[in-house]
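# give me a 3D structure for the following:
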Amino acid sequence: MMNDTTPTRTPDDLRAALVTQLAETGAIRTEPVRTAFATVPRHRFLPAHPPQEAYTNKYVVTHHTAGGEAISSISQPSVVAMQLEQLDVRPGMRVLEIGAGTGYNAALMDELVGPGGKVVSIDIEPDVTAAAQVHLLDTGHDRVDVITGDGADGASDQGPFDRIIATTGVWDIPPAWWDQLAPGGRMVIPLRWRALTRSLTLEQVDDRLIAREVRLCGFIPMQGQDGEKAFPLAEGVTVHFDQDTPVDEALARALDTSRTEAWSGVRITGETPLEGVWMQMACTEPGTGRMVTKPPALGTDLVKPAIPPLNPILVNKGSLAYLSVRKISEEEPRLELGAIGHGPEGHHLAERICEQVRRWDSNRDGDPNVTVYRKSELPQVSEGTVIEKDSSVLVVSMSSGNEDG
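Alright, predicted model coming up:
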């Protein structure tokens, strides 16, 4: 048997390889972010894991509830890089981070702001902040202030902040974040509406926040925000929707009613990404939510989602319809998008999904326009879909992929 002479890769080697990978894929776009990633030793923020795992482009859950639910993690490096590029942190800035995680993201931002800046990181879980503080001190990032508290309250005694970033899923923008953002400042938050989440680059312009960039992402939800409701339909099937969506108890029996189908005529390959269909629905249809399918329902005839296990759905009172897909013929390799409905309005809802599929098909490069207002300062809106939350209001629409800007 030959001896394995492959040299062991050091943490520095692994970190350099990860930085190269993130730059080649476009997650890292600027030299300051690249330098920060090359400097901060990610493996020191995951001391219970081998360096090979720390420098893999994957997230790692670090804290759970007693019931096993994930409450904190170190995010996937490509997502961390994406958000930092969105945030555009510069030397001397003051930055507020909502969600401390392991402290790794705060360390990267500490590198970006430099000695003349300040990073404040807040988390509601004492175990999380204690571990983050240890990691930050261990890696020489002792300028970072780590606070245990409700992230929704921010850190008023240390503001205003040039930048605010949330590294946890957010359903609403709390008033404190508006108050603590410096004039002309920027927020980067994974905001959820109509049961999907996007990382928004929000710039303050007068009395509003305007999204300059909208990026696909996923985060553990922020504790204490319950504007999204869950409704079980069957064992292994649950729907999630915003609190303003009208539903009644008949929805629980919707899957017991006969199935109706509608087909859009839009054909796709098996590799076609469908996030754009969901976004088209979320910017247009007020009843848009998501259907989560798990065993034992996954892979059965009970439901036939186009995107298992997370699939867009329309609900209204006791009826629902969800995005589906079917094989056209043995000779045709492409698939047809459509919808399956249940309940008294099931067919009508399915037809509405098909209409949104056709709109997406005619504008596949379209991007969402998102403007956020304080709920108390919403002006008269003539265009777009208005989505009210507890403290803020979103006005959303879809732009043409041919538009400049």
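# in stretch 355-367, what counts as buried?
Buried residues in stretch 355-367, counted by 16 or more other Cβ atoms under 10 Å: Glu355, Gln356, Val357, Arg359, Trp360, Asp361, Asn363, Gly366, Asp367. For glycine as for every other residue, the C-beta is placed from the backbone atoms N, C-alpha and C.
# same question, stretch 165-184
Buried, per 16+ other Cβ under 10 Å, within stretch 165-184: 165-178, 180-181.
# and it, how far out from the chain middle?
Computed by Cα atoms, centre = their mean, to the nearest Å, the chain-centroid distance of stretch 165-184 equals 15 Å.
# got it, and stretch 32-52?
For stretch 32-52, the distance to the chain centre is 23 Å (Cα atoms, centre = their mean).
# in that stretch, what counts as buried?
So, applying 16+ other Cβ under 10 Å, buried residues of stretch 32-52: 32-34, 36-38, 40-46, 51.
# Thr139: neighbour count?
Using other Cβ atoms under 10 Å, Thr139 is surrounded by 18 other residues.
# how about it, phi and psi?
Backbone dihedrals for Thr139, given as degrees, to the nearest 10, come out at phi -100, psi 10.
# now do the contacts for Lys294.
Lys294 makes contact with Gly236, Val237, Pro309 under the criterion Cβ atoms under 8 Å, 6 or more residues apart in numbering.
# and which of those residues is nearest Tyr104?
When these are compared for distance to Tyr104 (Cβ to Cβ), Pro309 comes out closest, at 28.6 Å.
# show me where the stretch 201-350 of the chain has its strands.
Counting by DSSP state E, counting those that start in this stretch, one finds strands in the stretch 201-350 of the chain at the ranges 208-216, 228-234, 237-242, 260-268, 288-293, 310-316, 319-327, 335-342.
# could you dump these to JSON lines with mean pLDDT, distance to Val396 and mean neighbour count?
Converted to JSON lines, the strands of the stretch 201-350 of the chain look like this (pLDDT from 0 to 100; distance: least, Cβ to Cβ, whole Å; neighbours: other Cβ atoms under 10 Å):
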{"stretch": "strand 208-216", "mean pLDDT": "95", "distance to Val396": "9", "mean neighbour count": "18"}
{"stretch": "strand 228-234", "mean pLDDT": "93", "distance to Val396": "16", "mean neighbour count": "17"}
{"stretch": "strand 237-242", "mean pLDDT": "95", "distance to Val396": "12", "mean neighbour count": "22"}
{"stretch": "strand 260-268", "mean pLDDT": "98", "distance to Val396": "22", "mean neighbour count": "17"}
{"stretch": "strand 288-293", "mean pLDDT": "96", "distance to Val396": "11", "mean neighbour count": "25"}
{"stretch": "strand 310-316", "mean pLDDT": "97", "distance to Val396": "15", "mean neighbour count": "24"}
{"stretch": "strand 319-327", "mean pLDDT": "97", "distance to Val396": "19", "mean neighbour count": "23"}
{"stretch": "strand 335-342", "mean pLDDT": "98", "distance to Val396": "21", "mean neighbour count": "23"}
